[in-house]
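> take a look and give me a structure for this.
(2 chains)
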There are 2 protein chains.
Amino acid sequence: MSSRVGVDIGGTKILVARLEGDEVVGTKKRSTPQSGVPKLIESVAKLVERVDPEGHAPVGVGLPGQIDAVAGTARSSPNLKGIDDEPVAIRDLVAEATGREVAIDNDVNVATLAEHRLGAGRGARDLLGVFVGTGVGGGLILDGRLRRGSRGLAGEIGHMVVAHRDGAICACGLPGHLEAYAGRASLERRAREAHAEGRETELVVIAGDERMKSSVWAKALEAGDPVARSLIDEALEALVAGITSVVVTVDLDLVVLGGGLAHRLGEPFREDLESSVNQAMFASAQVRVRWAELGDDSGAIGAACLTD
Amino acid sequence: MSSRVGVDIGGTKILVARLEGDEVVGTKKRSTPQSGVPKLIESVAKLVERVDPEGHAPVGVGLPGQIDAVAGTARSSPNLKGIDDEPVAIRDLVAEATGREVAIDNDVNVATLAEHRLGAGRGARDLLGVFVGTGVGGGLILDGRLRRGSRGLAGEIGHMVVAHRDGAICACGLPGHLEAYAGRASLERRAREAHAEGRETELVVIAGDERMKSSVWAKALEAGDPVARSLIDEALEALVAGITSVVVTVDLDLVVLGGGLAHRLGEPFREDLESSVNQAMFASAQVRVRWAELGDDSGAIGAACLTD
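Numbers count the residues shown, from 1 in each chain, chains lettered A, B, ... in the order given. Now for the predicted structure:
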């Protein structure tokens, strides 16, 4: 089986894995340098060399931000120092530093690809990856291939419009988007607004002035907090609307669910989502919702799969 | 260039066209027999023979209802006598009656294919066909090919969810669907409800107890009727939500707009739709909305293209 290297560049760490065929045979990681692009590329090249010292295996790189997979460039990656508004030629820089063939894509596409090749979506012809964390990300596999689209927008389900009028405002500034209801950052904003309007909530009791982490939401739900319950219910309704709309648009029957908030809310959340989606759907359009299986390694594994 | 025959089976008429390459070189039509499937197939076969008496050109058939293009079957076609809940093997029946190769698909997919091959979408890699009439239909071209999906649901944009809570009820019985806001039948229902609640409206003055045809809507808008204006504005908002969601899901930059209501509302409607979609969208996701070009022949032309 062929050897491939995958690089997952996150805001806090870089994880590199070597795959032989479909098996992870070695990983290396380090914290992400925050002193600009040259240092970042140097670190990536060193990790690649360490995980595959003998070889010339091709390298796939997944990273956050607006990635143009065809041009091989990255921009607007708020968590990576030096990747701002101007496109940075990450693919060519990594190719130069490693002397290898390189492919890149964004972290959500890469995680979706990983689940399709080696995780919860193995063998599926079509699937939608839904990642509910700080925001809501998505990735789309159609006819066995990652759908990118000519502008690399495909799968940006966080910006689907689930409220056609008077919609909540998304982090992107536009109204009615899925992420404005179902992303953790928006949920925190809405909880703090409710609190400021005089509604008591465990969310603020537990979080105080700190970030309202996913665990805070899980605890508040467990305590039966009505503000948390009502906001998470609306998050579910928004996710149901978005997933239903994807299903009738492209026709698929499998959703792979991941992301920090989804995992923290756990099996009741997945069950609610699956049953609500199927209640909202024609009988002929039933959908399974499965957990993403690959966890922390999915970024590196999916990145390696970019080289196929 | 190769010869192909396209058959458009509608509720009131059957139109058959022969194409040489991309040119329509002959058409025949007759009213749709309403005495069951055998008579329907016989009529189709006769028209095919008349439009292509010498040849053995392959035949494409477009018809309304739930069509399984792979199995070649049709069901639930309310406007065609004898095509009810059980699948009818239209493809095989037409093949037997004509002795030719046959392909079938639903009327909206076929109209979208026609616009992609020979109409407003020529040369586009990806496009969404949006047909606003009694209901809201859609067709999706991705990477130059009609997307059907494993269950033939792809493009069913009328059933996208554009209101994640407290949505209007669609003809299919489910809440919040695009068609519940933007289809002519739903618009009429909502207008009559408003009237029953005591709101004066030109729509009812013009239509009386008759069907509220597209021309009634156009006249009421022209007369400045506030009920018509507010319902059409909400129809636009719902279409904007649906189109925006398709664009961020699959990434495309061209919408081809057709359908009786859309055409009757005319260029102001298209302009409003295009500018509203682009206001609702990231700068990087701009979209053109073009009129469908092929008019009444699109069904037969698209059906012929099924044989490619």
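> got the contact list for the most centrally placed residue in chain A?
In chain A, the centroid-proximal residue (CA atoms, centre = their mean) is residue A:108; its distance is 3.7 Å. If you count contacts by CB atoms under 8 Å, 6 or more residues apart in numbering or on different chains, residue A:108 has them with A:129, A:131, A:137-139, A:155. C-beta coordinates here come from the backbone N, C-alpha and C atoms, glycine included.
> could you find the closest non-adjacent residue to it?
Nearest non-adjacent residue to residue A:108, counting by CB to CB, 6 or more residues apart in numbering or on different chains: residue A:137, 3.7 Å away.
> just to revisit the earlier point, the residue nearest to the centre of chain A and residue A:24, how far apart?
Plainly put, residue A:108 is 20 Å away from residue A:24 if you go by CB to CB, to the nearest Å.
> same thing with residue A:67?
From residue A:67 to residue A:24 the distance is 23 Å (CB to CB).
> what kind of secondary structure is the residue in the stretch 51-200 of chain A that chain B sits nearest to in?
Nearest residue of the stretch 51-200 of chain A to chain B (CB to the nearest CB) works out as residue A:149 at 2.2 Å. Here residue A:149 is coil, with the state taken from DSSP: H, G, I helix; E, B strand; the rest coil.
> my read: it touches residue B:248, true?
No - between residue A:149 and residue B:248 there is no contact under CB atoms under 8 Å: 9.4 Å.
> compare the two and say which is more crowded by neighbours.
Between residue A:149 and residue B:248, counting by other CB atoms under 10 Å in any protein chain shown, residue B:248 is the more crowded of the two (25 against 22).
> surely that one is in contact with residue B:285?
Yes - counting by CB under 8 Å, residue B:248 touches residue B:285, with 6.7 Å between them.
> show me where the stretch 51-200 of chain A has its helices.
A:90-98, A:107-118, A:178-182, A:184-196 (DSSP state H, counting those that start in this stretch).
> now do the shared contacts for residue B:248 and residue B:285.
Joint contacts of residue B:248 and residue B:285 (CB under 8 Å, 6+ apart) are residue A:153.
> re earlier: with neighbour numbers in mind, choose between residue A:67 and residue A:24.
Legend: neighbour count by other CB under 10 Å for residue A:67 and residue A:24, higher for residue A:67 (29 against 16).
> check contacts around that one.
The contact partners of residue A:67, taken as CB under 8 Å, 6+ apart, are A:73-74, A:104-106, A:109, A:152.
> residue A:52 now?
By CB under 8 Å, 6+ apart, residue A:52 lies in contact with A:3, A:5, A:18, A:26.
> list the buried ones in the helix or strand where residue A:216 lies?
Per DSSP states H and E: residue A:216 is located in helix A:214-222. For helix A:214-222, burial by neighbour count (16 or more other CB atoms under 10 Å in any protein chain shown) applies to A:214, A:216-221.
> mind listing what's buried along stretch A:10-25?
Buried residues in stretch A:10-25 (16+ other CB under 10 Å): A:10, A:14-19, A:24.
> check contacts around residue A:229.
Residues in contact with residue A:229 (CB under 8 Å, 6+ apart) are residue A:221.
> ok, it to chain B distance?
As judged by CB to the nearest CB, to the nearest Å, residue A:229 and chain B stand 15 Å apart.
> name the helix or strand for that residue, please.
helix A:226-250.
> and that helix, average pLDDT?
Average pLDDT, helix A:226-250: 98.
> what angle sits between it and helix A:184-196?
Taking axes from the mean of the first three to the mean of the last three CA atoms, to 10 degrees, one finds helix A:226-250 and helix A:184-196 inclined to each other by 140 degrees.
> so for the helix or strand following helix A:226-250, mean pLDDT?
Scanning forward in sequence from helix A:226-250 by DSSP H and E, the next helix or strand is strand A:254-258. Mean pLDDT, strand A:254-258: 98.
> ok, strand A:254-258: who's next to it in the sheet?
Sheet pairing of strand A:254-258 (DSSP bridges) gives strand A:127-132 (parallel), strand A:288-291 (parallel).
> list the helices and strands the following helix or strand past it packs on?
The helix or strand immediately downstream of strand A:254-258 is helix A:260-279, counting by DSSP H and E. Counting contacts by 3 or more CB pairs under 8 Å, 6 or more residues apart in numbering or on different chains; DSSP states H and E, helix A:260-279 packs against strand A:127-132, helix A:184-196, helix A:214-222, helix A:226-250, strand A:254-258, strand A:288-291.
> picking up where we left off before, need the strands paired with strand A:254-258 in CSV (columns: mean pLDDT).
What follows is the strands paired with strand A:254-258, written out as CSV (pLDDT from 0 to 100):
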stretch, mean pLDDT
strand A:127-132, 98
strand A:288-291, 98
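> out of these, deepest packed?
strand A:127-132 (a mean of 28; mean count of other CB atoms under 10 Å in any protein chain shown).
> alpha carbons only: can I get it in PDB?
Provided in PDB are the C-alpha atoms of strand A:127-132 (Å, rounded to 0.1, in the frame of the first residue of the first chain):
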ATOM      1  CA  LEU A 127     -22.600  12.200   2.800                       C
ATOM      2  CA  LEU A 128     -22.700  15.500   4.600                       C
ATOM      3  CA  GLY A 129     -20.200  16.200   7.400                       C
ATOM      4  CA  VAL A 130     -21.700  18.500  10.100                       C
ATOM      5  CA  PHE A 131     -19.300  20.000  12.700                       C
ATOM      6  CA  VAL A 132     -20.900  21.900  15.500                       C
END
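> no more questions from me, cheers.
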